[in-house]
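Student: For reference, the sequence and a predicted model appear below.
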Amino acid sequence: MEDDAGERSSFVIGLIENRAKEVGVAAFDLRLASLHLSQYIETSSSYQNTKTLLQFYDPMVIIVSPNKLAPDGMVGVSELADRFYATVKKVVMARGCFDDTKGAVLIKNLAAKEPSALGLDTSYKQYYLCLAAAAATIKWIEAEKGVIITSHSLLVTFNGSFAHMNIDATSVQNLEIIEPLHSTLWGTSNKKRSLLNMLKTTKTVGGSRLLRANLLQPLKDIETINARLDCLDELMSNEQLFFGLAQVLSKFPKESDRVLCHFCFKPRKITNKVMGVDYARKSQVLVSSIILLKTALDALPLLSKVLKDAKCFLLANVYKSVCENEKYAAIRRRIGEVIDEDVLHARVPFVARTQQCFAVKAGIDGLLDIARRSFCDTSEAIHNLANKYREDFKLPNLKLPFNNRKGFYFSIPHKDIQGKLPSQFIQVLKHGNNLHCSTLELASLNVRNKSAAAECYIRTEVCLEELVDAIREDVSALTLLAEVLCLLDMIVNSFAHAISTKPVDRYTRPEFTGKLLLSGIIAHEFGYNGPMAIDAGRHPILETIHNDFVPNNIFLSQASNMVLIIGPNMSGKSTYLQQVCLIVILAQIGCYVPARFSTLRVVDRIFTRMGTVDNLESNSSTFMTEMKETAFIMQNVSQRYLIVMDELGRATSSSDGFAIAWSCCEHLLSLKAYTIFATHMENLSELVTVYPNVKILHFDVDIKNNRLDFKFQLKDGARHVPHYGLLLAEVAGLPSSVIETARNITSRITEKEVKRMEVNCIQYQPIQMAYHVAQRLICLKYSSQDEDSIREALHNLKDSYIHGRL
Ligand SMILES: Nc1ncnc2c1ncn2[C@@H]1O[C@H](COP(=O)(O)OP(=O)(O)OP(=O)(O)O)[C@@H](O)[C@H]1O
């Protein structure tokens, strides 16, 4: 639709809730003509799930019902919209518009696929909230835009958000997925330093929107992830295919997705209301859409040529479903019957206007030909007028720019005007080194030129009526083409581009455990709870800034599902936590990752508590925010989650903070989720004496000349770095007398602590080792390795045990 251009959001969201904490969401994408339905129980009183969805969709309109149905203690989605999305247009529709029965009928009629494929027809009563939201949303769109949605044209997904990895809104900020934090880890805020900005080399608006959507909701389906990874394998090993595809994609208009979906919306029959809303403009959009569609269809044979020999499933499937699809050639033939072959899509406004006026072949409509003549005459008169002014007023550098709003105007360099501008020139505006202006004569010619163009558009629309109806019959083919172009743009221009611009093997393909093991006991034991191992992983963004970025490993498994990382300030803890999460996200969007090797299990949800984000809710102290975020994690955690906690408990008294951190760790250790916990509290390493499934690591630091020398290297076990806080405080410029006093106090405390830790470690090491041996033996029991490999593994295990390397 014409008013959803550019990268502005194109989502209209209907929201409704009941008193049982259930929320129904219908998110309608006007650009892609798709509708995404979700219904879920809101788990927190601060609406974390709803906020996450709203952040994901970034709506331009939120539709809510007037009555407050929120459960006690919750503000209600309507107020949520007011508080957090004050700049987004809010529409309140009568409760009756949220009609679930009507929603079900609409979905049945409008969805491109049978609703049974969505699980809606049999059990829709259960999902009445999202259907009610859908009814209201569709009603608003049809009324507001003056359109009727074409039957069986909508791409409908159900429960969309939960078929994907869930990253809550706070974690999106903490991990700097979309935008860098104001106080970034690296000092000044820089737009380049978010994962989205790093990957945003897509060439189309649809491609970058798909990329954003993927980063906010990575995939969970291993088959789809692997299909993308297979595609990247092929692109990386076949340069001709990679460059060929990149080149062909550039031949498709940037706005292909929006235009292809234009045909899903059928304008209502002309009513006074619609006539009043610049009817000519609507006709112009239609003509421009047809020209864009022609340009896109003309590029399809080139795509077929490049993809003909592609091997991977994804590209072969695109070839089969799009390139070999007869429907596109048929549509192109129909377009050729009415539209002039030479007409091209143009971005320069006046060229585009001329192409649109001359789109339909000459001789098809007499009135159109007359309107064109008038358009040409007025355009010529305007150019003649400019020539006349150049000569009469001695203004050889007078230019005649055009924009859609103003029409033609004059642009005169300031330096060419000796004294005053002649009085004929009106509406004078300074614009850089030029003056922009008009004259009465130009204004009158502009009006005539514009109305001649408007007449052309309206007549053209009449000529295109049959063609447009024919195109609408195959609208699902156009939606498919739009989807495919966005996906290819993301994979080729973003993923493959990012990998290929790095030195060879900097990015590698992640492996996923789970699929192969999904049978019987092995699936149960290891499939869903397979290990997460990253060898020589790097931070995808920071490594581009630091030439000497130090890679680090991680290993999490059922036997060791928590890693506790200890290290002084500035040693690299927060960077490491971010790094692991970003690698998991990259892997689950189907991209290679910055690591030498990685084996991952699919993560359902990432939770982070990193303490760097400003609190959005007023009246919450740093500590309360920290506790609220932690409570949210604790209440929602389940086994395939990845939890990342940075310095929990630092915002209160040290004893309470330690107690909270310890008990949170104990709680998390009792679950199957994987947790990475970074802390300054060295005493927390004593957890290892009680829980064999926690692994302690530390960031290596040397002390040279009373200065900390950071190695950024993770090492096994805990290491006590004496007085690192004092050393850093000294560097920061605290007076030496203050430092001296502080040093005396801390040395007395820490000596005692260290001794106690050493005793405990020695005492509990054998228990730890026995536990790890047992776990590895269980793994070996279920492994499918041959006898020799098992023998070798047992040998290695024995060696590791003897040398205390477990
Ligand atoms: N692996 C690495 N290789 C190179 N430099 C790194 C690495 N990790 C971190 N750094 C550098 O160290 C700086 C500090 O890292 P980070 O903020 O992660 O430390 P921290 O231990 O979390 O500190 P604090 O405890 O004070 O929050 C980063 O800004 C980055 O410049």
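Tutor: Great, that's in hand.

Student: and the helix or strand Phe632 falls within, C-alpha only, in PDB?
Tutor: Applying DSSP states H and E as the criterion places Phe632 in helix 622-636. Extracted in PDB, the C-alpha atoms of helix 622-636 (Å, rounded to 0.1, in the frame of the first residue of the first chain):
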ATOM      1  CA  THR A 622      18.900  -0.500  40.300                       C
ATOM      2  CA  PHE A 623      18.500  -3.200  42.800                       C
ATOM      3  CA  MET A 624      14.700  -3.500  42.300                       C
ATOM      4  CA  THR A 625      15.200  -3.700  38.500                       C
ATOM      5  CA  GLU A 626      17.800  -6.400  39.000                       C
ATOM      6  CA  MET A 627      15.500  -8.400  41.300                       C
ATOM      7  CA  LYS A 628      12.500  -8.000  38.900                       C
ATOM      8  CA  GLU A 629      14.500  -9.200  36.000                       C
ATOM      9  CA  THR A 630      15.900 -12.100  38.000                       C
ATOM     10  CA  ALA A 631      12.400 -13.000  39.300                       C
ATOM     11  CA  PHE A 632      11.200 -13.000  35.700                       C
ATOM     12  CA  ILE A 633      13.900 -15.400  34.800                       C
ATOM     13  CA  MET A 634      13.300 -17.700  37.800                       C
ATOM     14  CA  GLN A 635       9.600 -17.900  37.100                       C
ATOM     15  CA  ASN A 636       9.900 -18.700  33.500                       C
END
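
Student: what packs against it?
Tutor: Contacting helix 622-636 under the criterion 3 or more C-beta pairs under 8 Å, 6 or more residues apart in numbering; DSSP states H and E are the following elements: strand 605-609, strand 641-646, helix 654-669. Placement of C-beta: from N, CA and C, glycine included.

Student: Out of these, which is closest to the ligand?
Tutor: strand 641-646 (6.8 Å; C-beta to the nearest ligand atom).

Student: quick one: contacts of the closest one?
Tutor: With contact meaning C-beta atoms under 8 Å, 6 or more residues apart in numbering, strand 641-646 is reached by 532, 573-574, 577, 580-581, 584, 603-612, 630, 633, 637, 664, 668, 673-678.

Student: Next, name the residue at the spatial heart of the protein.
Tutor: Nearest residue to the geometric centre of the chain (C-alpha atoms, centre = their mean): Arg212, 1.8 Å.

Student: Would you mind confirming that it makes contact with Ile178?
Tutor: Yes: counting by C-beta atoms under 8 Å, Ile178 is a contact partner of Arg212 at 6.8 Å.

Student: if I look at the two, which residues touch both of them?
Tutor: By C-beta under 8 Å, 6+ apart, the residues touching both Arg212 and Ile178 are Leu196.

Student: quick revisit: looking at the helices and strands packed on helix 622-636, which one has the lowest mean pLDDT?
Tutor: Looking at these, the lowest mean pLDDT belongs to helix 654-669 (a mean of 83).

Student: quick check: angle from the next helix or strand after that helix to helix 654-669?
Tutor: With elements assigned by DSSP H and E, the helix or strand that comes after helix 654-669 is strand 674-679. Following axes from the mean of the first three to the mean of the last three C-alpha atoms, to 10 degrees, one obtains 170 degrees for the angle between strand 674-679 and helix 654-669.

Student: Point out the other helices and strands that strand 674-679 packs with.
Tutor: Counting by 3+ C-beta pairs under 8 Å, 6+ apart, strand 674-679 packs on strand 552-556, strand 562-566, helix 573-588, strand 641-646, helix 654-669.

Student: Report the mean confidence score over the helix or strand hosting Gly103.
Tutor: Per DSSP H and E, Gly103 falls inside helix 100-110. Mean pLDDT, computed over helix 100-110, is 87.

Student: Can we start the residue count at 428 from this point?
Tutor: Noted, 428 is the first residue going forward, which turns the last one into helix 527-537.

Student: That one: what's the following helix or strand?
Tutor: Sequence order places helix 555-572 as the next helix or strand after helix 527-537, per DSSP H and E.

Student: residues making contact with the helix or strand following that following helix?
Tutor: Downstream of helix 555-572, the first helix or strand assigned by DSSP H and E is strand 574-576. The set of residues that contact strand 574-576 without belonging to it, under C-beta under 8 Å, 6+ apart, is Met428, Ala460, Leu537, Ile565, Ile568, Glu569, Cys691, Phe692, Lys693, Pro694, Arg695.

Student: Provide a ChimeraX selection command restricted to the buried entries of the residues you listed.
Tutor: Those of the contacts of strand 574-576 that count as buried under 16 or more other C-beta atoms under 10 Å are selected in ChimeraX with:
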select :428,460,537,565,568,569,691,692,693,694
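
Student: how about the residues of the stretch 878-1027 of the chain near the ligand?
Tutor: His973, Phe976, Val977, Gly994, Asn996, Met997, Ser998, Gly999, Lys1000, Ser1001, Thr1002 (C-beta under 6 Å from any ligand atom).

Student: so where does the nearest residue to the last one once chain neighbours are set aside fall, helix or strand?
Tutor: The shortest distance from Thr1002 to any non-neighbouring residue, by C-beta to C-beta, 6 or more residues apart in numbering, is to His966 (5.5 Å). When secondary structure is defined using DSSP H and E, no element contains His966, which sits outside every helix and strand.

Student: What's the per-residue pLDDT of His966 here?
Tutor: pLDDT recorded at His966 is 95.

Student: State the distance from it to Glu603.
Tutor: Remark: distance between His966 and Glu603 (C-beta to C-beta, to the nearest Å) = 10 Å.

Student: Now the common contact residues for these two.
Tutor: With C-beta under 8 Å, 6+ apart as the test, His966 and Glu603 both reach Gln1005.

Student: dump the residue contacts of the nearest residue to Lys678 once chain neighbours are set aside.
Tutor: Distances taken as C-beta to C-beta, 6+ apart put Ala726 closest to Lys678, at 4.1 Å, once the chain neighbours are dropped. Counting by C-beta under 8 Å, 6+ apart, Ala726 touches Val675, Lys678, Phe679.

Student: Out of those, list just those in helices.
Tutor: Counting by DSSP state H, the contacts of Ala726 place Val675, Lys678 in helices.

Student: can the contacts of Ala726 go into JSON lines with extra columns for neighbour count?
Tutor: Output for those, formatted as JSON lines (neighbours: other C-beta atoms under 10 Å):
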{"residue": "Val675", "neighbour count": "20"}
{"residue": "Lys678", "neighbour count": "13"}
{"residue": "Phe679", "neighbour count": "26"}
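
Student: of all the contacts of Ala726, which comes closest to the ligand?
Tutor: Distances from the ligand to the contacts of Ala726, taken by C-beta to the nearest ligand atom, are shortest for Val675, at 39.2 Å.
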